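Undergrad: build me a model from this:
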Amino acid sequence: MNDEDMSHLASPATFIGADAQLAADISTQLEAVERRLYEVTEQTRKLPDTTSKHLLAAGGKRARPNLLLLTARLGEADCEAIIDAAVAVELIHLASLYHDDVMDDAPVRRGAPAAHEVWGNSVAILTGDLLFSKASGVTAKLGPEAVAIQAETFERLVLGQLNEFAGPPEDADAIEHYIQVLADKTGSLIATSAQFGVMFSQADQALAEPVRVFGERVGIAFQLADDIIDLTTTSSVSGKTPGTDLRERVPTLPVLYVRAAAAAGDEAAAEVVELLDADLSSDEALESARVALAAHSVTEKARAEAVRWADDAKSALAPLPDGLVKESLFSFADSVVSRSA
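TA: Okay, here's the model as predicted:
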């Protein structure tokens, strides 16, 4: 795969700050990760080969490999285990997207038609399963501890999705429930990515827990930022259909905030809730609800909460030695809440 093939990927500098040498070093490793992703997903039959590479070829941020390659610089980053670990976490992420898009009935992912739109739900789900199996095979090479961590991460991914579907238990705080859902279905894999970077670079293993906590909190901030992006960014920028969460009745933080405000007597919030509770099957109704929620102050309140989680993530890094890696992790945290896609 040549440099031109990498043009669909976000630059490492998007996440790690302005250090040109570090960005160049990680970019070189990302190319190796990308080549390995294509090798691992190779299939002899045309259909599984095509479907497995559908979202891979659509590009993406590769945020999890970026983070893993960055935390690996706390030790010896230039080793095969680091590449394998980065491949494993990205395969898990890609697999989850196939499933998510079926459950959300999302028509677009990364600027391309979602897999279920092209091949149907069954093929999309089976492709996600196939990628999960490939991730397990790669992780097995890294040893039993890595397999145990992957299994726990996979369990949290599924439980997060199930708990989101089921909603909060009776008398539970809806916002606390939602944050836990985000910690499980998004934060857990980002946490594992950061942890693997320390584990397989032979860095000081006392740093594995601080970066794991950092990763989980960054994951929550990342998803909270996605809530805002779903409301405020066009599909041409984000690669996803705006308002998908609203149409699927996903109780994102702005929605939870506006419902709480309406219950407290905020008339403007009550008007937004009325739009949210209407039939959103038409594009016009969806757009009216999206615009109204985006314009309400609860959206800025949700944005501030995303920033708070990013700041809490940075505070977890206190045990790390000062230097370029720590500074770049700070930049990573800032980037996930300042992005527009």
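
Undergrad: all contacts plus neighbour counts: C-alpha atoms, from now on.
TA: Noted.

Undergrad: what does stretch 270-278 contact?
TA: 246, 258-259, 261-263, 285, 288-289, 292-293 (C-alpha atoms under 8 Å, 6 or more residues apart in numbering).

Undergrad: next: stretch 157-168.
TA: The contact list for stretch 157-168, computed with C-alpha under 8 Å, 6+ apart, reads 174, 177-178, 180-186, 188-189.

Undergrad: go on, stretch 243-263?
TA: For stretch 243-263, the external contacting residues (C-alpha under 8 Å, 6+ apart) are 104-106, 174-175, 178, 224, 227-228, 230-231, 268-270, 272-273, 276, 280-281, 286-287, 290, 293, 298-299, 301-302.

Undergrad: so after the helix-or-strand element of the chain with minimal mean pLDDT, what's the next helix or strand?
TA: Sorted by mean pLDDT, DSSP states H and E, the helices and strands of the chain end with helix 235-238, the least confident at a mean of 51. The first helix or strand that comes after helix 235-238 along the chain, using DSSP states H and E, is helix 244-247.

Undergrad: buried set for the helix or strand that that next one is followed by?
TA: Proceeding N to C from helix 244-247, the next assigned helix or strand is helix 253-263, under DSSP H and E. Within helix 253-263, the residues scored as buried using 16 or more other C-alpha atoms under 10 Å are 253-262.

Undergrad: the residue lying closest to Val198 once chain neighbours are set aside: what's it in contact with?
TA: Spatial nearest neighbour of Val198, excluding adjacent residues (C-alpha to C-alpha, 6 or more residues apart in numbering): Ala72 at 5.2 Å. The contact partners of Ala72, by C-alpha under 8 Å, 6+ apart, come to 82, 196-201, 203.

Undergrad: if we use 7 Å, what do you get?
TA: By C-alpha atoms under 7 Å, 6 or more residues apart in numbering, the contact set of Ala72 is 197-198, 201.

Undergrad: do you know the pLDDT at the most centrally placed residue in the chain?
TA: Centroid-nearest residue in the chain: Thr186, 5.6 Å away (criterion: C-alpha atoms, centre = their mean). Confidence per residue is given as pLDDT, and for Thr186 that number is 94.

Undergrad: with Leu9 instead?
TA: pLDDT, Leu9: 51.

Undergrad: so where is the stretch 101-250 of the chain shaky, pLDDT-wise?
TA: Judged by pLDDT under 70, the stretch 101-250 of the chain has its weakly predicted residues at 234-241.

Undergrad: contacts for the helix or strand containing Ala95 next, please.
TA: In this structure, Ala95 is located in helix 80-104 according to DSSP H and E. Surrounding helix 80-104, the residues in contact under the criterion C-alpha under 7 Å, 6+ apart are 33, 36-37, 64-65, 68, 114-116, 121, 124-125, 128-129, 131-132, 135, 138-139, 142, 193, 196-197, 200-201, 248.

Undergrad: one more: stretch 312-329?
TA: In this structure, residues lying in contact with stretch 312-329 by C-alpha under 7 Å, 6+ apart are 16-17, 70-71, 73-74, 207, 210-211, 213-214, 217-218, 330, 333.

Undergrad: send me that stretch as CSV with only the CA atoms.
TA: The C-alpha atoms that make up stretch 312-329 are tabulated as CSV, following Å, rounded to 0.1, in the frame of the first residue of the first chain:
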residue,chain,number,x,y,z
ASP,A,312,-10.7,15.0,34.0
ALA,A,313,-8.9,12.7,31.6
LYS,A,314,-5.9,14.9,31.6
SER,A,315,-5.9,15.0,35.4
ALA,A,316,-5.5,11.2,35.4
LEU,A,317,-2.1,11.6,33.7
ALA,A,318,-0.5,13.1,36.8
PRO,A,319,1.7,10.0,37.4
LEU,A,320,3.2,10.2,33.9
PRO,A,321,6.6,11.8,33.5
ASP,A,322,6.6,15.3,31.9
GLY,A,323,7.6,15.3,28.3
LEU,A,324,6.3,15.0,24.8
VAL,A,325,4.1,12.0,25.3
LYS,A,326,2.2,13.6,28.2
GLU,A,327,1.9,16.8,26.3
SER,A,328,0.6,14.9,23.2
LEU,A,329,-1.9,13.0,25.3
